[in-house]
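Peer 1: kindly generate the corresponding structure for this input.
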Amino acid sequence: AEMVGVHRTGPHGLWFNFQKIKYVFDEDKKIFRKINFPVDQLMTTYRDCKGWEEGEINEKTLYYGNNEVEMKVPEFKELFIERITAPFFVFQVFCVGLWCLDEYWYYSVFTLLMLIMFECTLVQQHIRNMAEIRNMGNKPYMIQVYRGRRWRPLPSDQLIPGDIVSVGRSGDDALVPCDILLLRGPCIVDESMLTGESVPQMKESL
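Peer 2: Reported below is the predicted structural model:
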């Protein structure tokens, strides 16, 4: 279980974030629901999209929030307590206690120390992996965005759903992580992290 704060700012009235997902209060159904994103429109709607106008940007930013995910790396103590309270670890400690009753003291103490060392190693590896993931995907970069009927450079963490962006080939052939609908022109997509396919795939526009 996790305690989260409820906010009253913006156009939603009541909202909160839980596990990186924003929930808003539905006045009609009297329940909290996820924000509805424009992912089920007609193809013609996406193809004829002209981007957001100047007067809509602030409203949509308050509605959807910024395009950023703050990944918090937990402390060693927090993860270690979570590991040692898992049912399997508790069962192993219970078995060690039974061996102690049979006077297998040396074997029991050695097994318990090995279990603790193993869990410490797993926790350290988990923290290291989370830190690497945060360093890879938490850095905003400049991208061309079509807003107010003109192209402008904008940090990627300020994008909102419905923005039209230009994904071009950079000078150093850097990858552009994104989840977008291709409106114009082809592109090559590396889907190895999603599907395991090692060969990049060619994608065509609508």
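
Peer 1: from here on, contacts and neighbour counts on C-alpha atoms
Peer 2: OK.

Peer 1: show me what the biggest helix by length in the chain packs onto, helices and strands only.
Peer 2: Identified as the longest helix of the chain according to DSSP state H is helix 105-137. If you count contacts as 3 or more Cα pairs under 8 Å, 6 or more residues apart in numbering; DSSP states H and E, helix 105-137 packs onto helix 76-84, helix 87-101.

Peer 1: what's the closest of those to Met202?
Peer 2: Evaluated over the helices and strands packed on helix 105-137, closeness to Met202 peaks at helix 76-84, with 41.2 Å, by Cα to Cα.

Peer 1: point to the residue nearest the middle of this protein.
Peer 2: Centroid-nearest residue in the chain, with Cα atoms, centre = their mean: Val69, separated by 5.8 Å.

Peer 1: my read: it touches Ile21, true?
Peer 2: No: checked against Cα atoms under 8 Å, the pair Val69 and Ile21 is beyond contact range at 9.7 Å.

Peer 1: CA atoms only: put the lowest-mean-pLDDT helix or strand in the chain into CSV for me.
Peer 2: Of all regular secondary-structure elements in the chain, judged by mean pLDDT, DSSP states H and E, the least confident is helix 192-195 with a mean of 72. C-alpha atoms of helix 192-195 as CSV (Å, rounded to 0.1, in the frame of the first residue of the first chain):
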residue,chain,number,x,y,z
SER,A,192,14.6,-4.5,-29.6
MET,A,193,13.7,-3.4,-26.1
LEU,A,194,10.0,-4.0,-26.7
THR,A,195,9.8,-7.1,-28.9
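
Peer 1: who does the next helix or strand after that helix pair with, and is each partner parallel or antiparallel?
Peer 2: With elements assigned by DSSP states H and E, the helix or strand that comes after helix 192-195 is strand 201-203. According to DSSP bridges, strand 201-203 has the following sheet partners: strand 187-189 (antiparallel).

Peer 1: average pLDDT for the partner strand?
Peer 2: Averaging pLDDT along strand 187-189 yields 83.

Peer 1: how far out from the middle of the chain is it?
Peer 2: 22 Å (Cα atoms, centre = their mean, to the nearest Å).

Peer 1: what are the contacting residues of it?
Peer 2: 200-204 (Cα atoms under 8 Å, 6 or more residues apart in numbering).

Peer 1: mind redoing it with 6 Å?
Peer 2: 200-203 (Cα atoms under 6 Å, 6 or more residues apart in numbering).

Peer 1: does the residue of the chain most remote from its centre sit in a helix, a strand or a coil?
Peer 2: Taking Cα atoms, centre = their mean, the residue of the chain most remote from its mean C-alpha position is Glu103, at 49.9 Å. Assigned with DSSP: H, G, I helix; E, B strand; the rest coil, Glu103 falls in the coil class.

Peer 1: how close does it sit to Val96?
Peer 2: For Glu103, the distance to Val96 equals 11 Å [Cα to Cα, to the nearest Å].

Peer 1: do Val90 as well
Peer 2: From Val90 to Val96 the distance is 10 Å (Cα to Cα).

Peer 1: then Phe80?
Peer 2: Applying Cα to Cα to Phe80 and Val96 gives a distance of 19 Å.

Peer 1: likewise for Glu53?
Peer 2: Relative to Val96, and taking Cα to Cα, Glu53 is found at 67 Å.
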